[in-house]
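Undergrad: No sequence on hand, only this structure:
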C-alpha cells in the first residue's frame, strides 16, 4: 500500500525553517525573559493554531509573528517580567471576526495610550466580517490588517479587565479579573445599516468603559 | 460604571491552583526533559483550548492532563528526548468527533503494540458523535473516555505517518512525513446503519495500513 503520497490534497507546505528563523529573531526581543526554545514553541504552535481556522494563508507567517509576540508579551506581563503600567483590556467574542475586533479598535483609538487592548475568539472564524471592516473604514479606522485569533491562556492571565460578548462558558472566570458581559447582536450576515448600529453601540460602550476606568 | 460584576453569565471558575498542582505532578514525569514552567504552560494552555470547544466541563481537568501528557510526550519524541521505537500514526479530521477517533481506536486495537496512534481535529467539536460511540460499542470498543482535541504542532512533529480525512488546507504538509488522505463520508447526523458502514470502511483501511507498515 502506497503511503508516501498525499492524494488529491493541494495542501500547504509547513514553512518550518522559515518559522524557526522568525522565532530566532523574536527570541532576541525576549532575551532574558524566555529561552529560545519557548519562543520557538510559541511560534510553531501559534502557526498551527492560526492555520487550523484561517482561510487566508498568504499572510499567515506575519500574522503568526504578531500573534506570538502578543502572547509572549502577555505572558511576560503576567509573570511580572515586563511591567504593565496601564490597564490591560481583553475583549472576547465567539468568532473574533466582528464585535470583539471593533471593540478593540475603538478602545485603542479612543484610549489614546491610557489602556492596552487585546481581542480573541472562543471559536475563531476564517476571516474578519467584511461588513465590519467596511463600516469601521467609514470612520477612518483601518481593520484590514486584523485577523481572528483563538483565546489563549496567556492573554487572559495578562488582562485586568475581561469583556465577553456572547462566548458563554467557553470563557472561564479567572480570579482577580474584572468582568463585563456586553449583550450585543452578532453582526454576522447582517446588512451594513444594522452593522453600523452595532458599531455605534460598541463605541458608546467603549467610551463608558474608558470613563469608568478613568474614575476608578 | 460597574465593572466588577459579570452579568448574566453562569460561567466556570478557572481552577488555576488545581491545574498548577496537576502540572507539578506531571512535571515529575518529564523531569530532565522539560522545566516545570514549560509543563505548567502546556497544562494551562491545553485547559483553555479544550474549554473553548468542549461543552462537557465535568471531566475537563482530567482531559487536560491526558491531552497535555500526550502533547509533552510528542514534543519529547520530536526532539529525541524520548525514544520512539514504533511508528507514530496521526489521524486528523475536522471535528475529531467521529472518523479520526474511530480510526485511532481501530489502529490501537488492531496494531497490538506495533504502532502508537494519536488523533486530532482542525476544528474540534464539543463532544464525540454519540452514534460513533454506539457503533464502536457494538464491537466491544469503548470510546466513552475519548474527547475531541485540537490539532497542535507537537503531535504533528512527532508523527511518522499523517492520515487526513477531509480537513483540507487546515493541515499543512510537514516535510519528512508520510501522508495519506482518506476520503470518508462524515458520520455527523447520519443514522446508525450508515455510521456502521463508515466504521467498517475505516476498519478495512486501518487493516490495509497496518499491513503496509508491516511490509515496509
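TA: All right, it came through fine. What you see is a predicted model; the values in this text were computed from it and never measured. Numbers count the residues shown, from 1 in each chain, chains lettered A, B, ... in the order given.
Undergrad: What separation do you get for the residue nearest to residue A:91 when sequence neighbours are not counted and residue A:87?
TA: Computed as C-beta to C-beta, 6 or more residues apart in numbering or on different chains, the closest residue to residue A:91 that is not its neighbour in sequence is residue A:100, at 3.9 Å. Every C-beta, even on glycine, is put in place using the N, C-alpha and C of the backbone. Residue A:100 sits 17 Å away from residue A:87, going by C-beta to C-beta, to the nearest Å.
Undergrad: Between the two, point out the one with more neighbours.
TA: Neighbour count, other C-beta atoms under 10 Å in any protein chain shown: between residue A:100 and residue A:87, residue A:100 has more, with 32 against 17.
Undergrad: Please give me every residue in contact with the residue nearest to residue A:91.
TA: A:91-93, A:119-121, A:165 (C-beta atoms under 8 Å, 6 or more residues apart in numbering or on different chains).
Undergrad: which of those residues sit farthest apart?
TA: A:120 and A:165 (11.2 Å; C-beta to C-beta).
Undergrad: what do those two both touch?
TA: What both residue A:120 and residue A:165 touch, as defined by C-beta under 8 Å, 6+ apart, is the set A:91-92, A:100.
Undergrad: ok, how many other residues are close to residue A:16?
TA: 16.
Undergrad: If I follow the layout properly, residue A:202 ends up in contact with residue A:104?
TA: No. Judged on C-beta atoms under 8 Å, residue A:202 makes no contact with residue A:104 at a distance of 9.9 Å.
Undergrad: Of those two, which one has the most company?
TA: Counted by other C-beta under 10 Å, residue A:202 and residue A:104 do not tie: residue A:202 has more neighbours, with 26 against 23.
Undergrad: Look up phi and psi at that one.
TA: phi -60, psi -40 (degrees, to the nearest 10).
Undergrad: would you list every one of the strands in chain A?
TA: For chain A, the strands defined by DSSP state E cover A:88-93, A:116-121, A:161-165, A:178-181.
Undergrad: before we move on, back to that, got the shared contacts of residue A:120 and residue A:165 as CSV, with pLDDT columns?
TA: What follows is those, written out as CSV (pLDDT from 0 to 100):
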residue, pLDDT
A:91, 97
A:92, 95
A:100, 98
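Undergrad: now, which of the residues you listed sits nearest chain B?
TA: Using C-beta to the nearest C-beta, residue A:92 comes nearest to chain B of the shared contacts of residue A:120 and residue A:165, at 9.7 Å.
Undergrad: Hmm, residue A:122 and that closest one touching each other?
TA: Yes. The criterion here is C-beta under 8 Å, and residue A:92 meets it with residue A:122 at 6.6 Å.
Undergrad: Give me the pLDDT value at the residue lying closest to residue A:106 once chain neighbours are set aside.
TA: Excluding the flanking residues, the one nearest residue A:106 by C-beta to C-beta, 6+ apart is residue A:206, at 4.3 Å. We have a pLDDT of 98 for residue A:206.
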